[in-house]
Every structure is written in structure tokens, then in C-alpha cells.
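**Student:** Quick one: sequence plus predicted model below, questions after.
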Amino acid sequence: MNFNFDYVHYQGELPGAKSQNSFAMGFQPVLPVPLNKTTNLFVRPNIPLYFTQPTFGANGFENQGFGLGNISADIAIGKTFPSKTIGILGVFGSFRTASNEALRSPYTLLGPEIMVSQLFKWGVVGLMVNHSWNLNKIDPSTNDSFSILGDDVWISSEGGESASITAGQYVYAVSLSNGWQIMSSPTWSYNHNASKGNKLTLPLATGVTKVTHFGKLPIKFNLQYWYYVASPEAFGPQHQIRLTISPVVPLPW
């Protein structure tokens with residue numbers, strides 16, 4: 001189970017954008033179902049809760065306060081090969097579940113997903129990519145928003161009646177001694193239908209991980225810093241700090 005706590009500082013051309021901050025928590029369990037010795041079915045929902053989140057309206061920026069965010073999920077089959085390469089193929093979806101209409105994504109999205117990672121003696125590197133399209137249609141004249149689709153996939157959907165979004169995550173971990181790792185796993189996105197300057201959201205990231213025990217329960221702590229080298233020009237993230245707390249709970253099956 002992963003509990004992701006995110007602090008984000010924003011930038012942008014909108015008045016007051018550079019003074020905006022947000023704080024959120026995402027609950028993201030990873031549920032593997034063994035199919036055989038080398039193959040698993042994975043289910044990975046992400047359920048975000050916003051404690052503070054700015055949105056821009058007629059009166060400028062407003063803090064929307066506590067609420068449920070847009071839930072996303074991955075369902076995939078993964079296989080480990082003798083070369084210690086792991087391949088994953090599945091489906092990604094993002095849903096319009098935010099309890100506050102101002103935070104609700106204009107799009108319901110669905111599409112394929114693929115991931116390849118390689119295990120080494122010193123650690124692991126991996127890349128996940130998905131591409132999704134909207135299942136719903138909207139009036140482009142009412143669509144002028146900045147949305148968080150889940151797991152910090154940020155998009156600018158300015159004036160678009162449809163979406164075509166390539167997104168994903170890159171992962172690396174370098175094992176150190178005494179349960180420490182240098183590790184990060186930032187998310188990125190590219191909205192093909194967004195206006196110029198608002199298509200790409202890409203952070204460079206680093207972090208540290210420590211595995212420890214509380215009694216007999218193993219818990220992993222991970223602290224990351226993401227710096228966005230590309231972000232929507234109108235309004236988007238610039239700096240992000242993520243603390244992940246991951247209790248290692250035995251599966252019931």
C-alpha cells in the first residue's frame with residue numbers, strides 16, 4: 001500500500017499563479033494476483049484526496065479546500081523473464097470523480113499501457129507509457145481548465161472538445177547499504193490536443209528511500225523532489241515534494 005503526500009508549488013502566466021500551492025494525499029495500493037511463477041495480474045487504483053488546491057475563476061485564484069479527486073486505475077499483466085526484464089501490458093483509465101466540480105476533469109479517459117523495467121545487481125530502471133482518449137464529449141467553449149487526472153498526471157485542456165494524452169512514469173532505484181536507496185518515480189504527460197506551450201508536463205526528480213520495521217511490519221519511506229522542466233505556460237506545477245509511506249501488508253490470497 002502506498003500513501004503519497006504531495007506538496008506542489010505552481011508557476012504560470014495567470015495573475016497570482018506564482019504564489020499558489022497545494023497539498024494532497026493519494027492512496028495507491030498495488031494488488032498483484034499470481035497467475036503462475038513468472039506472471040501476475042496487477043490492479044493499481046489511485047484515489048486522491050485534496051486538502052488544498054487552487055483553481056482559477058472569474059475572481060482569480062480560489063482555494064477549493066478538502067475533497068475527493070479524479071480516481072485513476074491501471075489493470076495489467078506482468079511477466080518476469082530469465083534476463084531479469086519485467087514486461088507489463090495493460091489498460092489505464094481516469095474517471096471524473098472529483099467531489100468539487102472545479103476540480104473535476106473534463107474527460108473520462110481510457111487507453112493501453114505498457115511498461116518495461118530491468119533489474120540489475122545495483123538496482124532497477126523502468127519506463128511506463130500509456131496513451132488514452134476521451135470517452136465523453138464536451139462543449140469546447142466551456143472547457144478552459146487545468147486538470148489533475150490522478151497520480152499527478154497534469155494536463156491543460158484549454159478549449160478542447162477531445163483529448164489525446166500520452167503519459168507515464170519513469171523509475172530508477174540504486175541500492176545502498178542498510179536498507180537505503182536513491183530512488184524516484186515521477187509522472188509525466190503530453191496532451192496532443194492542447195494549445196502550444198501547454199502540451200508537455202515533465203519533471204526531473206530524485207529521492208531517497210529507507211526500509212525499516214515497526215514491530216514485525218516492514219515499512220518503506222520515500223522522499224522525492226520533482227523539478228518541472230516543462231509545465232503548462234498558463235498554470236502548472238514548478239516544484240513538488242512527495243513523501244510516500246508504504247506499509248508492506250501480506251496479501252489475503
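**Tutor:** Sure, I can see it.
**Student:** Helices of this protein, residue ranges please.
**Tutor:** Using DSSP state H, the chain contains no helices.
**Student:** Output the below-cut-off pLDDT ranges for it.
**Tutor:** Under the criterion pLDDT under 70, the flagged ranges of the chain are 138-160, 253.
**Student:** what do you get if the cut-off is 50, keeping everything else the same?
**Tutor:** 142-143 (pLDDT under 50).
**Student:** Tell me which residue of it is furthest from the middle?
**Tutor:** Here the centre of the chain is the reference, and by CA atoms, centre = their mean the most remote residue is Gly215, at 30.7 Å.
**Student:** Which residues are in contact with that residue?
**Tutor:** Applying CB atoms under 8 Å, 6 or more residues apart in numbering to Gly215 gives no contacts. Backbone N, C-alpha and C define where each C-beta goes, glycine included.
**Student:** Phi, psi for it please.
**Tutor:** According to degrees, to the nearest 10, the main-chain angles of Gly215 amount to phi 70, psi -120.
**Student:** Let me know the distance separating it from Asn178.
**Tutor:** As defined by CB to CB, to the nearest Å, Gly215 lies at a distance of 19 Å from Asn178.
**Student:** same check, this time on Val116
**Tutor:** Distance of Val116 to Asn178, given as CB to CB: 30 Å.
**Student:** Neighbour count: the two, which is higher?
**Tutor:** In terms of neighbours (other CB atoms under 10 Å), Val116 is the more surrounded of Val116 and Asn178; the figures are 14 against 7.
**Student:** The more buried one and Leu31: what is the separation?
**Tutor:** Noted for Val116: a distance of 21 Å to Leu31, by CB to CB.
**Student:** what does Gly90 give?
**Tutor:** When CB to CB is the yardstick, Gly90 and Leu31 sit 13 Å from each other.
**Student:** Residues in contact with both of these two, list them for me.
**Tutor:** Common neighbours of Gly90 and Leu31 are listed as Phe42 (criterion: CB under 8 Å, 6+ apart).
**Student:** Among these two, which residue is more densely surrounded?
**Tutor:** Neighbours around Gly90 and Leu31, counted as other CB under 10 Å, are more numerous at Gly90. The numbers are 20 against 14.
**Student:** my read: Lys199 touches Thr166, true?
**Tutor:** No. Distance between Lys199 and Thr166: 9.8 Å, which falls outside the contact criterion (CB atoms under 8 Å).
**Student:** Mutual contacts of these two, please.
**Tutor:** Common neighbours of Lys199 and Thr166 are listed as Tyr190, His192 (criterion: CB under 8 Å, 6+ apart).
**Student:** would you list every one of the strands in the stretch 151-253 of the chain?
**Tutor:** Applying DSSP state E, counting those that start in this stretch to the stretch 151-253 of the chain gives strands spanning 154-156, 164-175, 180-184, 187-191, 200-214, 217-230, 236-247.
**Student:** which residue packs closest to Glu62, ignoring adjacent ones?
**Tutor:** Excluding its sequence neighbours, the residue lying closest to Glu62 (CB to CB, 6 or more residues apart in numbering) is Thr55, at 5.9 Å.
**Student:** what number of residues lie near the one you found?
**Tutor:** For Thr55, the count of nearby residues is 17 (other CB under 10 Å).
**Student:** Can you give me every residue that contacts it?
**Tutor:** Phe61, Glu62, Gln64, Ala102, Leu103, Phe146.
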